[in-house]
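A.B. asks: Based on what follows, work out the 3D shape:
(one chain, ligands or ions: 2)
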Amino acid sequence: MTPNPCTNLNHRRTESPVRCCPQCGAVVNGRIATRRCSEGNHARSRRNQNLFCVDCGDMLRHGSSPIAPLRA
Ligand SMILES: [Zn+2]
Ligand SMILES: [Zn+2]
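C.D. replies: Residues are numbered from 1 along each chain as shown. Ligands and ions are numbered 1, 2, ... in the order given. Sure, this is the predicted structure:
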């Protein structure tokens, strides 16, 4: 049985240092407040190979996510 298909280690942590999982965008630590992100923050996050922003949970790679392809 797999509760969440995501293998990111943030899901296994009791207290994750980030609010959202960079791989699936799910909230892993709801005690961290959502931050207002700048485009620069997202650009840096993108360079770190993140699919989702760990601060606000926004999808960073529109149209190229291997999890949810959004090609119209
Ligand atoms: Zn995840
Ligand atoms: Zn963000």
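
A.B. asks: Skipping adjacent residues, who's closest to the spatially most central residue of the chain in space?
C.D. replies: With distances taken as CA atoms, centre = their mean, residue 22 lies nearest the centre of the chain, 2.7 Å away. Residue nearest to residue 22 in three dimensions, not counting chain neighbours: residue 50, with 3.7 Å by CB to CB, 6 or more residues apart in numbering. To be clear about C-beta, it is placed using only N, CA and C from the backbone, and glycine gets the same treatment.

A.B. asks: residues in contact with the one you found?
C.D. replies: 22-23, 60 (CB atoms under 8 Å, 6 or more residues apart in numbering).

A.B. asks: Relative to ligand 2, which of those is nearest.
C.D. replies: residue 60 (7.9 Å; CB to the ion).

A.B. asks: Around that closest one, how many other residues sit close by?
C.D. replies: 21 (other CB atoms under 10 Å).

A.B. asks: now the protein, which segments are flagged as low pLDDT?
C.D. replies: Counting by pLDDT under 70, the chain contains low-confidence ranges at 1-4, 62-72.

A.B. asks: all helices in the protein, in order from the N-terminus.
C.D. replies: Using DSSP state H, the helices of the chain run over 39-47.
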